[in-house]
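Q: for reference, the sequence and a predicted model appear below.
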Amino acid sequence: MALTVSASAAAVAVPAAADTVPGAEQVITPPITLQAPEAAPKSVTPAAKKSGSAKSAKLSKAAKQRIKAGKAVSVAKKQIGDPYRWGASGPNAFDCSGLVMYSWRKAGVKLPRITGSQYRAVKKKVSWKNLKPGDLMFFSGLGHVGMYVGHGKMIHSPHSGTRVQINKLSKYRKASFVGAVRPGI
């Protein structure tokens, strides 16, 4: 119940009754009505969220790609230290193309198994200066692939006798760079 008050603007003076003090007036005040405040609800239930809200529906292709790329990079980083094995595509050993295929698949993007096929299958080509995390970088005539992780570094499974690792992009890598692609678009 809400608090309500009612009263008139002025009191009314009327002559006193015979049994009161002579010359006195009796003041009559109209009644005041008070109501107790309404009790607050004991719990508040928020409105249910609609699935497929407008916010998620408005994500651009680029934003969706960045989310997938972040997941692919995260998956690849979890493989650091796993041994190189030619032809292996995880989960405990990888060659270069197996590592990027495995990482992107865990992010929801299917890539071919072989480096050259990976390069040709992804339509979005990227220059060295426009690399973003998750981009696949190809070297040595498409003979090697790594994944850019940002800050001038890539993760890859280099060759026999090594393990999955992150390396700074060297002058050698830049000189042998063939191209890069951006999966997930």
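A: Alright, I've got the coordinates.

Q: which strand runs longest in the chain?
A: strand 144-150 (DSSP state E).

Q: and the average pLDDT for that one is what?
A: For strand 144-150, mean pLDDT rounds to 99.

Q: then stretch 70-87?
A: In the prediction, stretch 70-87 has an average pLDDT of 98.

Q: which other helices and strands contact the longest strand of the chain?
A: When contacts are defined as 3 or more C-beta pairs under 8 Å, 6 or more residues apart in numbering; DSSP states H and E, strand 144-150 sits against helix 61-78, helix 96-106, helix 115-121, strand 136-139, strand 153-156. Any C-beta I mention is one placed from the backbone N, CA and C, and that applies to glycine too.

Q: now it: buried residues?
A: 144-149 (16 or more other C-beta atoms under 10 Å).

Q: show me the one of the helices and strands packed on strand 144-150 that comes nearest residue 85.
A: Across these, residue 85 has its closest neighbour in helix 96-106 (8.3 Å, C-beta to C-beta).

Q: need the pLDDT of residue 11.
A: Confidence for residue 11, expressed as pLDDT, is 45.

Q: ok, now residue 185?
A: pLDDT, read off for residue 185, is 88.

Q: so residue 149 touches residue 156, yeah?
A: No: under the contact definition of C-beta atoms under 8 Å, residue 149 does not touch residue 156, with a separation of 9.9 Å.

Q: relative to residue 171, which of the helices and strands packed on strand 144-150 is closest?
A: Nearest to residue 171, of those and by C-beta to C-beta, is strand 136-139 at 12.6 Å.

Q: partner strands of the closest one, parallel or antiparallel?
A: Partner strands and pairing direction for strand 136-139 (DSSP bridges) are strand 144-150 (antiparallel), strand 177-181 (antiparallel).

Q: pull the CA atoms of the longest one into PDB?
A: To tie it back to what came earlier, the one meant is strand 144-150. Once non-C-alpha atoms are left out, strand 144-150 reads as follows in PDB (Å, rounded to 0.1, in the frame of the first residue of the first chain):
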ATOM      1  CA  HIS A 144      56.400 -24.500 -43.600                       C
ATOM      2  CA  VAL A 145      53.500 -22.900 -41.700                       C
ATOM      3  CA  GLY A 146      53.200 -21.200 -38.400                       C
ATOM      4  CA  MET A 147      50.500 -19.200 -36.600                       C
ATOM      5  CA  TYR A 148      51.000 -15.500 -35.800                       C
ATOM      6  CA  VAL A 149      50.400 -14.900 -32.100                       C
ATOM      7  CA  GLY A 150      51.100 -11.100 -32.000                       C
END
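
Q: turn the strands paired with strand 136-139 into TSV, columns for distance to residue 74.
A: Shown next, in TSV, are the strands paired with strand 136-139 (distance: least, C-beta to C-beta, whole Å):
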stretch	distance to residue 74
strand 144-150	10
strand 177-181	19
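
Q: thanks a lot, see you next time.
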